[in-house]
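Q: Task: produce atomic coordinates for the following.
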Amino acid sequence: MKKANVCGKRIKLARVNQDMDQVELAAALSVDHGIEMAQTSISEIERGERGVRDFELIAFSQILEVSTEWLLHGDKLPKTK
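A: Numbering: from 1, shown residues only. This next block holds a predicted model:
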């Protein structure tokens with residue numbers, strides 16, 4: 001199956017580093033950002049089966065205290081002109 005996103009593994013890594021489970025992340029998305037997302041959707045994102053919308057990426061980065069650039073590219077940031 002083709003991957004639907006490039007940041008799922010890093011979302012999981014950041015979530016685990018914050019000692020947060022998927023249900024807690026879903027609750028934080030709802031409370032802090034008004035984004036209703038089920039635990040199953042977070043699981044699909046982390047497995048690369050569901051895409052991530054731009055506003056969701058921003059919310060993940062804020063909750064998990066990492067940059068959107070890191071979520072998208074990890075340590076391999078794209079070169080700028």
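Q: Run through the residues that contact the residue most central in space within the chain.
A: Centroid-nearest residue in the chain: I11, 3.9 Å away (criterion: Cα atoms, centre = their mean). Going by Cβ atoms under 8 Å, 6 or more residues apart in numbering, I11 touches 42, 45-46, 52, 60, 64, 71. Yep, even glycine has a C-beta here, placed from its N, CA and C like the rest.
Q: In helices only, show me those.
A: In helices, defined here by DSSP state H, the members of the contacts of I11 are 42, 45-46, 60, 64, 71.
Q: Could you export the lowest-mean-pLDDT helix or strand in the chain as CSV, CA atoms only?
A: Using mean pLDDT, DSSP states H and E, helix 68-73 stands out as the lowest-scoring helix or strand of the chain, at a mean of 93. Written as CSV, here are the backbone C-alpha positions of helix 68-73 (Å, rounded to 0.1, in the frame of the first residue of the first chain):
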residue,chain,number,x,y,z
THR,A,68,6.4,21.3,11.5
GLU,A,69,9.7,21.1,9.5
TRP,A,70,10.9,18.3,11.8
LEU,A,71,7.6,16.4,11.4
LEU,A,72,7.9,16.7,7.6
HIS,A,73,11.6,16.2,7.0
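Q: Do a quick rundown of the helices in this protein.
A: 8-17, 22-33, 39-46, 54-64, 68-73.
Q: Would you mark the buried spots in the shortest one?
A: For helix 68-73, burial by neighbour count (16 or more other Cβ atoms under 10 Å) applies to 70-72.
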